[in-house]
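*Asks:* Sharing a model that was predicted from the sequence below.
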Amino acid sequence: MPTPVVDAVVIGGGHHGLVAAAVLADAGWDVCVLEAQDEIGGAVRSAEIHPGFVSDRFSAFYPLAAVSPALRSLELERHGLRWAHAPAVLAHPLHPDGDDAAVLHRDAERTATGLDAHHPGDGEAWLRLCRQWQAIEEPLLRTLYTAFPPVRGPARLLRGIGTAEALRLLRFALLPATRMGEELFGGEAARLLLAGNTAHADAPPGAPGSGVFGWLLAMLGQHHGFPAPVGGAGRLAAALAGRARAAGAEIRTSTPVTGIVVRGGRAVAVETAGGDRIRARRAVVADVSAPALYSRLLPPDAVPARLLADLDHFAWDTPVVKIDWALAEPVPWRAQALRGAGTVHLGADSTGLVRWSADIETGTLPQSPFQLFGQMTTTDPTRSPAGTESAWAYTHLPRGVDDDAADIVAARTEDVVEAHAPGFRDRILHRRVQRPRDLHDADANLVHGAVNGGTAQLFQQLIFRPVPGLGRPETPIGNLYLGSAAAHPGGGVHGVCGFLAARAALGEHGWGGGVRRRITSAALDLVHGRTPM
């Protein structure tokens, strides 16, 4: 039987891989996507966990998708995607036994009014933060969503705010979350909106650069909300798959890739678990973890020794345990403000977040786990029957814990919900716990239950992601591109990693591609050492 030949093979049908396939197919390339699981989507999938109850299996809310140039360019609404918003973006109760909460609304004035009620002056401080964001959003996001070296975004930012303010912005972005909250606000409520959002990543709140995650998510939530796909996260994956197929891409599920064939320093084919070999004339885009690509899929003699040595220092983000619930009634929150929020932050105030983070970093199982709690029917009424709620929560775990420890933390997580909502357990119709091993088995990129493709801490971001390099999707192996969350700009559902990988492949096979590849190869050789031939 002749070996199939295509222009590009995309390894992995997660959202980054599907974006890459669509972009390459739009350019007229013959593209084949190979997904190991029996359905596409990676960590963007949903399932019915109880009759009539749809739960998102991994990711659920998508503020990064709302502003992603990669996803916007694909016009996914033409392929069935619709977005839903909860009445309030998110809320963070101030105390378990009280009725006060910090609430983020999509109306900035309404958010500010609530914050001012907790601490006079914080409302105006919030509005100043919003005005600052509006002035820098476009060039900042262009900078974040561009391969290195970013040029247009920083240039436009400098023209807009000037060098002096740009230096102040850089200092601001490097602040620890705790310090950022203290500098901006006088009250706990406003600080919690930043600190709680910081905990969406795995950067400790006292670490330099951690504050930027909370600031970014808080501002995205304020101006764009935390949207969720109507019908479940799987509808986003389905729209991406439909878009890629409409452009001509082929998508195969239940087809694990076991190896990449390298000849003359270039990726030329992939091999599958079924014994097939598929030749790639122009590119192989890998929507897989960095360790899987360099240590498992590639021949050992094809990878520079210095790169493999750098991978020894690759750090995963902390694992998570996730709980899904089908509830007979909405959550009976003590604080009424929580009832309209799509996302609820539970389990710690600003000081408690520092304590919780210290537990995670020191291998201690938290007594009161901080958690992200999602109210999906509140956000999208199609998720469960009227008068019920489809809900979930996840919390981080110390690295290296086993699934028994995850069960303990899951039980404590539910205790936290019960403390904020007495009678919660009485409403449970069905419960499903996804431990780190369950997450890994369902998506090989979620290694040990890590959901970010590698730590989000500063030492493994930008040009240090996944290892010190160029901050670009090109690899030391010709025609091979890393297009997963392991590459810049990292975790989150935005599609940019796949988009940049596809654009890099098109650039190296377009006008002037030979010169571009020689320059890139020389730079990669300088960083990683000579690529074996």
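*Replies:* Everything's here; your move.
*Asks:* Just the pLDDT at residue 249, thanks.
*Replies:* At residue 249, the model reports a pLDDT of 98.
*Asks:* burial of it, as a residue count?
*Replies:* Neighbourhood size, residue 249 [other C-beta atoms under 10 Å]: 25. All C-beta spots, glycine's among them, are computed from the backbone N, C-alpha and C.
*Asks:* Hmm, it is touching residue 31, no?
*Replies:* Yes: if you go by C-beta atoms under 8 Å, residue 249 and residue 31 touch, sitting 4.2 Å apart.
*Asks:* Find the residues that touch each one of those two.
*Replies:* Taking C-beta atoms under 8 Å, 6 or more residues apart in numbering as the criterion, residue 249 and residue 31 both touch 10, 21, 24-25.
*Asks:* Could you identify which of those has the most neighbours?
*Replies:* Neighbour tally across the shared contacts of residue 249 and residue 31 (other C-beta under 10 Å): the maximum, 38 neighbours, falls on residue 10.
*Asks:* Please verify my assumption that that residue contacts residue 287.
*Replies:* Yes: between residue 10 and residue 287 there is a contact at 6.4 Å, judged by C-beta under 8 Å.
*Asks:* Overlap of the contact sets of the two?
*Replies:* Shared contacts of residue 10 and residue 287 (C-beta under 8 Å, 6+ apart): 17, 20, 483.
*Asks:* who's in contact with the nearest residue to residue 102 once chain neighbours are set aside?
*Replies:* Distances taken as C-beta to C-beta, 6 or more residues apart in numbering place residue 189 nearest to residue 102, at 3.8 Å, with adjacent residues excluded. By C-beta under 8 Å, 6+ apart, the residues touching residue 189 are 92, 94, 100-102, 114-115, 118-119, 122.
*Asks:* cool, residue 68 as well?
*Replies:* Residue 68 sits next to 145, 494-496 when contact means C-beta under 8 Å, 6+ apart.
*Asks:* and it, what pLDDT?
*Replies:* Listed pLDDT for residue 68 reads 96.
*Asks:* With residue 71 instead?
*Replies:* 97.
*Asks:* quick one: it is in a helix?
*Replies:* Yes: under DSSP: H, G, I helix; E, B strand; the rest coil, residue 71 falls within a helix.
*Asks:* correct me, but it touches residue 77?
*Replies:* No: look at residue 71 against residue 77 with C-beta under 8 Å: they stay out of range, at 10.5 Å.
*Asks:* okay, those two: which has more neighbours?
*Replies:* Between residue 71 and residue 77, counting by other C-beta under 10 Å, residue 71 is the more crowded of the two (25 against 10).
*Asks:* For the more buried one, give me its contacts.
*Replies:* Shown in contact with residue 71 (C-beta under 8 Å, 6+ apart): 19, 65, 494-495.
*Asks:* Equivalent analysis for residue 125, please.
*Replies:* Applying C-beta under 8 Å, 6+ apart, we find residue 125 in contact with 115, 184-186, 190.
*Asks:* Of those, which belong to helices?
*Replies:* Using DSSP state H, the members of those that fall in helices are 115, 184, 190.
*Asks:* With respect to residue 380, which of these is nearest?
*Replies:* Nearest to residue 380, judged by C-beta to C-beta, of those is residue 115 at 27.1 Å.
*Asks:* ok so, going back, in TSV, list the contacts of residue 125 along with neighbour count, distance to residue 43 and pLDDT.
*Replies:* Formatted as TSV, the contacts of residue 125 follow (neighbours: other C-beta atoms under 10 Å; distance: C-beta to C-beta, whole Å; pLDDT from 0 to 100):
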residue	neighbour count	distance to residue 43	pLDDT
115	27	33	97
184	19	32	96
185	23	33	97
186	14	38	96
190	27	31	96
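*Asks:* I'd like those as JSON lines, with distance to residue 382 appended.
*Replies:* Output for the contacts of residue 125, formatted as JSON lines (distance: C-beta to C-beta, whole Å):
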{"residue": "115", "distance to residue 382": "32"}
{"residue": "184", "distance to residue 382": "38"}
{"residue": "185", "distance to residue 382": "37"}
{"residue": "186", "distance to residue 382": "41"}
{"residue": "190", "distance to residue 382": "34"}
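*Asks:* where exactly do the strands run in the stretch 301-450 of the chain?
*Replies:* 320-327, 341-346, 371-375, 389-396, 428-434 (DSSP state E, counting those that start in this stretch).
*Asks:* And the fourth one, what does it pack against?
*Replies:* When you say that, I think you mean strand 389-396. Helices and strands touching strand 389-396, by 3 or more C-beta pairs under 8 Å, 6 or more residues apart in numbering; DSSP states H and E, are strand 53-56, strand 320-327, strand 371-375, helix 376-379, helix 403-420.
*Asks:* ok, back up a step: from the shared contacts of residue 249 and residue 31, which land in strands?
*Replies:* Counting by DSSP state E, the part of those found in strands is residue 10.
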